[in-house]
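> coordinates for the following, if possible.
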Amino acid sequence: MATIYEVAALAGVSPATVSRVFNGLTVSPEKQRAVRDAATKLAFTPNKTARRLRKQSSEVVALLIPDIENPFFTALARGVEDRAQASGFSVVLCNTDDDPGKELRYLQIAASEQMAGVILAPASDEADLGAIASLGRPVVAVDRTTPYPVDAVKVDNRAAGIAATTALFDAGYKRIACIAGPVGIEATEDRFLGWRQVMTARRAAWPEEYLQHANFRTDGGHAAMRALLALPEPPDAVLTTNNLMGVGALQAIVEADVDPARYGLAVVGELPFMFLTPPAVVQVRLPARHLGTTAATMLLERIAGDAQPPRTVVLRADLAPSL
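Just a heads-up that it's a prediction; the model follows:
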């Protein structure tokens, strides 16, 4: 049986446009004719079960993110909204504060309000999708994955950790510490595993105190950096595995009268307060907005009836050019 992707390719439109045609949403007459002609040629039949569920749901999708104050998630949300709005859907934004209990309540609300689907940056690796999954509503995990068999879009986080740590070594630093996020979050583990891989490959020894776990916010990075600077042999450089922890680490470095232009600092993500950023800071740019648009596209395809097995899309992070 032909798929929505084959119809879209033959018609020269996006899968979302095919979805709009078969769900009675506004599409130009030219595109509508092209889609219906392609569907006829391919003997395409929309997934009737999915369409029936779709008609029982709203034109609203939920986006659950852990920290709306983090510019990374703000950009991700913008990508989701842009893509959803273009297809006639509205987005309800829910801030979970990385709290599994709060996350669960929002998921239950999404189910009870008959929302068409959910995009979720899970608060932990044990996100409970039971309520929404029981209704057959599609879910896409973004930035982090879940144990449930759902679509996911994430960054190659280990490669990001490797790139940042390698850049510090190449700049001449040897005693490189890592400020990682909370234990049990996939992105955290992948990024510090990238750091550890480079440390091992460069035969760099490090005390166990060189790996600090903290919350993903500024205060977490600040406290971890202070602990590192207080060690008998403090590191001469540090990798922080998200942007806000990088801000906190930089604040602690300045408060300790350490010249930030001479201290090695690498950040997975871009520091949000650029006027504080010394040129020497290594930043790995994450494709936040692209994560959002990709996740929204995947969700809309599922809402349209796409029934292929769950897939995971991995996007690349890049080192920001030095100033």
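
> so who does Ala180 touch?
188-189, 191-192, 211-214, 241 (CB atoms under 8 Å, 6 or more residues apart in numbering). Backbone N, C-alpha and C define where each C-beta goes, glycine included.

> among those, which one has the lowest pLDDT?
Within the contacts of Ala180, pLDDT reaches its minimum at Thr188, with 86.

> hmm, that residue is touching Thr241, no?
Yes. Applying CB atoms under 8 Å, one finds Thr188 in contact with Thr241, separated by 6.0 Å.

> spit out the residues that contact those two alike.
180-181.

> between the contacts of Ala180, which is nearest Val313?
Arg191 (18.5 Å; CB to CB).

> please identify the next secondary structure element, helix or strand, after the lowest-mean-pLDDT helix or strand in the chain.
Counting by mean pLDDT, DSSP states H and E, the chain has its least confident helix or strand at helix 48-55, which shows a mean of 46. Under the assignment DSSP states H and E, the closest C-terminal helix or strand after helix 48-55 is strand 60-65.

> contacting residues around that next one?
With contacts defined as CB under 8 Å, 6+ apart, strand 60-65 is touched by 73, 76-77, 80-81, 84, 89-96, 103, 106-107, 109-110, 113, 115-121, 296, 299, 303.

> just the pLDDT for the closest residue in space to Thr312 that isn't next to it in sequence.
Sequence neighbours aside, Ala152 is the residue nearest to Thr312 in space, at 4.5 Å (criterion: CB to CB, 6 or more residues apart in numbering). At Ala152, the model reports a pLDDT of 95.

> partner strands of the helix or strand encompassing Ala152 and their direction?
Assigned by DSSP H and E, Ala152 falls within strand 151-155. Using DSSP bridges, the strands paired with strand 151-155 are strand 139-142 (parallel), strand 312-315 (parallel).

> just the mean pLDDT for the first one, thanks.
Averaging pLDDT along strand 139-142 yields 96.

> next one: stretch 193-210
For stretch 193-210, the mean pLDDT works out to 92.
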